[in-house]
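Enquirer: 3D, please:
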Amino acid sequence: MPGYIEDRWFTKRPDPKTGERRKTARHGQGKRYRVAGVPGVKDRSFDRLTGPEGANAWLAKAQHESTRGEFIDPRDGNLLLREYVEQEWWPNRKYDDPATERTVKGRIWTHILPLLGATPLNGIKTPQLRTWLTALKAQTGPSTATEAWGYLSAILQAAVDDERITKNYCRSQTTLRPPGRTAPKARAWDRGRVMAVRGEMDSRFRVTVDLGVGAGLRQSEVFGLADEDIDDELMLLHVRRQVKKVGEHMLFALPKGGKERTVPITKHLLQRIREHSKVCPPRAVTLPWGHFAEPENERELKERAPRTFNLLVTGARGGAVRRDSYNTRVWKPALSAVGLIPESKQKTRALAGGRVRIEKRYAEARELGFHSLRHTFASVQLDARESPVSVSKWMGHANPSITLRIYAHFMPEADGRGRAAMEAWFADS
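Expert: Numbers count the residues shown, from 1 in each chain. Got it, this is the predicted structure:
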């Protein structure tokens, strides 16, 4: 097999007179043994203490793995994790959804690189992961820690594929695991609570509650619903888009999961939609589609071209409703007014020109978010023994198993119909 070991402290040929090997000019300096000549493998030097035995072992391993096309030089893994992410991994990532891109980058630059960025790729093993995970649990919740673990695993697996390291220790763990996600139990609201919260809202936003509880729409889908999406004759509501807020950018995009859907609606909900439209006529809103970044090719230029829709619910100035503004100025004040969350605390904010603004701050209320209306829609449908398959379709879930996992406790208890059917089956036989 090709490859050899060179002793750089002595010449290859002995002295013709004495027969002894002669010292080279670098005798006693630097590493003594050099392995070279293996195809596709960079030369590697070994010091005197390692000796020819270590060089021979390395040569044999390099020859074997080179022949099989599996050789990975461990020196390639000396690159720091931060350098690898910033120079090689992240520049090659491409996300169609800017919100996902923002989330992934935030997790990596906030929870991974500050703690592991100065560690070489080949130095991220079980002890380092254990230390990192302990620190991560102390600074964030289980859900975020689990996401960060997944992103780190993806980065290390890319380093394996790039032949910088031989093993992804995130995937090979048997004793070390990220914290499990704790999914809160979905809770529906009774009619009294829904109507109380609705009644505390400005009249132009009350229809958002109707659409959430009456059609199971997500908050962003309510903000993206247009007049042309309502079929009065067939009593159908077409969910075709959502309004997304990514940083300071607003844009239209397909509903979650990237697919449109149709929801049957009642006469009562249709009447409320039309009553809202009389008082607050739909207004044309134009936003980019899918992404706010400048297109890089003709395909992106066409896909991201701004689109205009006559939105049913708009902001005070006629633009699309911003999620954070709605939650702060509409949703939480209504929750506070009916006693579901504490009254707000006021904070004075200095503005230019010596002016001040008094801002209201409310407590976090994730379990009382707009999604509670969607839970209520599901509970009403399932309690009425509507098919989970239909409910899944109306709510835009990827498959009915998701609907059952989240909302199975809303289904009515068994009432003996199965037992009666089985009794009849035996009787007939």
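Enquirer: where does the stretch 201-350 of the chain dip in pLDDT?
Expert: Within the stretch 201-350 of the chain, no stretch has pLDDT under 70.
Enquirer: can you pull out the helices in it?
Expert: Along the stretch 201-350 of the chain, counting by DSSP state H, counting those that start in this stretch, helices occupy 206-215, 219-223, 267-279, 298-303, 323-326, 332-337.
Enquirer: and the fourth one, what other elements does it pack with?
Expert: Read it as helix 298-303. Helix 298-303 is packed against no helix or strand, with contacts defined by 3 or more CB pairs under 8 Å, 6 or more residues apart in numbering; DSSP states H and E. (C-beta placed from N, C-alpha, C; glycine too.)
Enquirer: contacts for it, please.
Expert: The contact list for helix 298-303 (CB atoms under 8 Å, 6 or more residues apart in numbering) reads 289-291, 295.
Enquirer: among the residues you listed, who's most crowded?
Expert: Most neighbours among these, by other CB atoms under 10 Å: residue 291, with 21 neighbours.
Enquirer: output the longest helix belonging to the chain as CSV, nothing but the C-alphas.
Expert: If you go by DSSP state H, the chain has its longest helix at helix 142-161. Output in CSV follows, covering the C-alpha atoms of helix 142-161 (Å, rounded to 0.1, in the frame of the first residue of the first chain):
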residue,chain,number,x,y,z
PRO,A,142,-37.7,22.6,28.3
SER,A,143,-39.2,23.4,24.9
THR,A,144,-36.4,25.8,23.9
ALA,A,145,-33.7,23.5,25.3
THR,A,146,-35.1,20.6,23.2
GLU,A,147,-35.1,22.8,20.1
ALA,A,148,-31.5,23.9,20.8
TRP,A,149,-30.4,20.3,21.2
GLY,A,150,-32.0,19.5,17.8
TYR,A,151,-30.2,22.4,16.1
LEU,A,152,-26.8,21.4,17.6
SER,A,153,-27.3,17.9,16.5
ALA,A,154,-28.1,19.1,12.9
ILE,A,155,-24.9,21.2,12.9
LEU,A,156,-22.7,18.3,14.2
GLN,A,157,-24.3,15.9,11.6
ALA,A,158,-23.4,18.4,8.9
ALA,A,159,-19.9,18.4,10.2
VAL,A,160,-19.9,14.6,9.9
ASP,A,161,-21.2,14.8,6.4
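Enquirer: how about it: buried residues?
Expert: For helix 142-161, the neighbour count (16 or more other CB atoms under 10 Å) marks 144-149, 151-156, 158-160 as buried.
Enquirer: hmm, who's touching it?
Expert: 77, 81, 84-85, 89, 104, 107-108, 111-112, 116, 121, 124, 133, 136-137, 140, 165-171, 178-182.
Enquirer: emit the PyMOL select command for whichever of these are buried.
Expert: Of the contacts of helix 142-161, the buried ones go into a single PyMOL selection, burial set by 16+ other CB under 10 Å:
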select buried, resi 77+81+84+85+89+104+107+108+111+112+116+121+124+133+136+140+165+168+169+170+178+179
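Enquirer: which of the contacts of helix 142-161 fall in helices?
Expert: Per DSSP H, the subset of the contacts of helix 142-161 in helices is 81, 84, 104, 107, 116, 133, 136-137.
Enquirer: how many neighbours does the closest residue to residue 347 other than its chain neighbours have?
Expert: The spatial neighbour of residue 347 that comes closest, neighbours along the chain excluded (CB to CB, 6 or more residues apart in numbering), is residue 359 at 5.0 Å. Using other CB under 10 Å, residue 359 has 12 other residues around it.
Enquirer: report the contact partners of residue 359.
Expert: Counting by CB under 8 Å, 6+ apart, residue 359 has contacts 346-349.
Enquirer: and those residues, which two are furthest apart?
Expert: 346 and 349 (10.1 Å; CB to CB).
Enquirer: residues shared between the contacts of those two?
Expert: 358-359.
Enquirer: do you know how far the closest residue to residue 350 other than its chain neighbours is from residue 288?
Expert: Among residues not flanking residue 350 along the chain, residue 356 sits closest, at 5.8 Å (CB to CB, 6+ apart). Going from residue 356 to residue 288 by CB to CB, to the nearest Å gives 35 Å.
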